[in-house]
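> Here you go, sequence then predicted model.
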Amino acid sequence: DEKNEPRYDPLHPVECLEMHLKKVVFKSFQGYRRQVEFARIFVLNAKVLGIIEFEVYNEYSSETAAYQRMLLQVENRASRDAQFEYKSSNLH
């Protein structure tokens, strides 16, 4: 039930998002709504993040990557230095 799920509260920040987290890897990323919402927490709140890596299946078109970047609200990211990498994988 989505109404009962906890939300990230910027007024009570998580220490690792503020000072420590430098890399996040999302394995088996397919771009489902819940995956995007979870990834967005890191994009918007991790202040020292350097790399966000998405492991995607097979080819990931530049159009799909651009759409995902829009959903992730990359332009509002907390870390201006954060780089987004998409790595193809054919694993199931």
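Yep, it's here. Numbers count the residues shown, from 1 in each chain.
> which element is Ile52 on?
Assigned by DSSP states H and E, Ile52 belongs to strand 51-57.
> And for Lys47?
For Lys47, there is no host helix or strand (DSSP H and E).
> helix, strand or coil for the closest residue to it other than its chain neighbours?
Excluding the flanking residues, the one nearest Lys47 by C-beta to C-beta, 6 or more residues apart in numbering is Ala78, at 4.7 Å. Quick note: C-beta positions are derived from backbone N, CA and C, even for glycine. Classification of Ala78 by DSSP: H, G, I helix; E, B strand; the rest coil places it in coil.
> picking up where we left off before, which other helices and strands does the strand holding Ile52 contact?
strand 23-26, helix 33-45, strand 83-89 (3 or more C-beta pairs under 8 Å, 6 or more residues apart in numbering; DSSP states H and E).
> can you list contacts of the following helix or strand past that strand?
Next helix or strand after strand 51-57 toward the C-terminus (DSSP H and E): helix 62-71. The contact list for helix 62-71, computed with C-beta atoms under 8 Å, 6 or more residues apart in numbering, reads Gly31, Val36, Arg40, Phe54, Phe84, Tyr86.
> neighbouring strands for the strand holding Ile52, and are they parallel or not?
If you go by DSSP bridges, strand 51-57 pairs up with strand 23-26 (parallel), strand 83-89 (parallel).
> about what we covered before: the residue nearest to Lys47: how many residues sit nearby?
Look at Ala78: counted by other C-beta atoms under 10 Å, it has 16 neighbours.
> Tell me where the model's unsure across this structure.
1-19, 90-92 (pLDDT under 70).
> give the contact list for the residue positioned nearest the centre of it.
The C-alpha lying nearest the average C-alpha coordinate of the chain belongs to Ala39 (C-alpha atoms, centre = their mean; 2.8 Å). Residues in contact with Ala39 (C-beta under 8 Å, 6+ apart) are Val24, Phe26, Phe29, Ile52, Phe54, Leu72.
> Thank you, goodbye.
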